[in-house]
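> kindly generate the corresponding structure for this input.
(2 chains)
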Amino acid sequence: NAGVTQTPKFQVLKTGQSMTLQCAQDMNHEYMSWYRQDPGMGLRLIHYSVGAGITDQGEVPNGYNVSRSTTEDFPLRLLSAAPSQTSVYFCASSYGRVKFFGPGTRLTVL
Amino acid sequence: AQSVTQLDSQVPVFEEAPVELRCNYSSSVSVYLFWYVQYPNQGLQLLLKYLSGSTLVESINGFEAEFNKSQTSFHLRKPSVHISDTAEYFCAVSEVIKAAGNKLTFGGGTRVLVKP
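Sure thing, here's the model as predicted:
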């Protein structure tokens, strides 16, 4: 049981490049979400999904897209990276009211 | 909408000394309350939660938190810390109403540095 996995662990992009952060869970959780972590600001919700085919925006969705074609996978896409998107990104799945977080992706946009 | 304030961004503490991390929240509806811990270079893990019942909740590694509705607080305490407690601690709230789903609002985090 791997829990929540994220790839890559580290990524450096140039401004304007696009990329996809991968997230997968093997716990059959319906609810999944993406957060970004910035110093002093805690974690802020980017997008979330309550099940396959259903996604919605969180607190800071601009510049990010998501899709949920399966229960297991919830990728986060950066369409045109900006320096303001330099952050640590965490994916999480939920059972009841408890969240299970992945190990994170540290993204730097130059 | 709700908000969470963690009053201390960093707390240095000596090994075997007590520690208290303060958390206050603001919400117009009833909330569930959580503390998550993030060890260096890792993701967040649930430390403890208050959903209902006794207002004093405990974790398996000696932390406890008390829900105080009148003061809208959920402070985290440990009577004697270990070096291994060095981590960042996040307080979070979630609205009780089902329509809120599993959305969590996090505080800014408190870094605990345990010194020998």
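> just give the number of residues close to residue 64.
Assuming you mean chain A. 19 (other CB atoms under 10 Å in any protein chain shown). C-beta: built from backbone N, CA, C; applies to glycine.
> oops, I was thinking of chain B
Using other CB under 10 Å, B:Glu64 has 15 other residues around it.
> using CSV, write down the CA coordinates of the worst-scoring helix or strand of chain A on mean pLDDT.
Using mean pLDDT, DSSP states H and E, the weakest-scoring helix or strand in chain A turns out to be strand A:98-101, at a mean of 91. Provided in CSV are the C-alpha atoms of strand A:98-101 (Å, rounded to 0.1, in the frame of the first residue of the first chain):
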residue,chain,number,x,y,z
VAL,A,98,-8.7,13.0,7.5
LYS,A,99,-6.2,13.9,4.7
PHE,A,100,-3.3,11.7,3.6
PHE,A,101,-0.5,13.8,2.0
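> what strands flank it, and is each parallel or antiparallel?
In the sheet, strand A:98-101 lines up against strand A:87-95 (antiparallel) (DSSP bridges).
> what's the following helix or strand after the least confident helix or strand of chain A?
Next helix or strand after strand A:98-101 toward the C-terminus (DSSP states H and E): strand A:105-109.
> closest to the centroid, which residue in the chain?
Going with chain A. In chain A, the residue lying closest to the centroid (CA atoms, centre = their mean) is A:Trp34, at 3.4 Å.
> right idea, wrong chain: chain B
B:Trp35 (3.2 Å).
> how far away from the center of its chain is the helix or strand of chain B with the lowest mean pLDDT?
Here the helix or strand of chain B ranked lowest by mean pLDDT, DSSP H and E is strand B:56-58, holding a mean of 90. Its chain's C-alpha centre and that of strand B:56-58 lie 11 Å apart, by CA atoms, centre = their mean, to the nearest Å.
> what of stretch B:14-28?
7 Å.
> so does that stretch get close to chain A?
No - Stretch B:14-28 is not in contact with chain A by CB under 8 Å from any CB of the partner chain; minimum separation 11.1 Å.
> what packs against the least confident helix or strand of chain B?
For strand B:56-58, the packing partners by 3 or more CB pairs under 8 Å, 6 or more residues apart in numbering or on different chains; DSSP states H and E come out as strand B:44-50, strand B:64-68.
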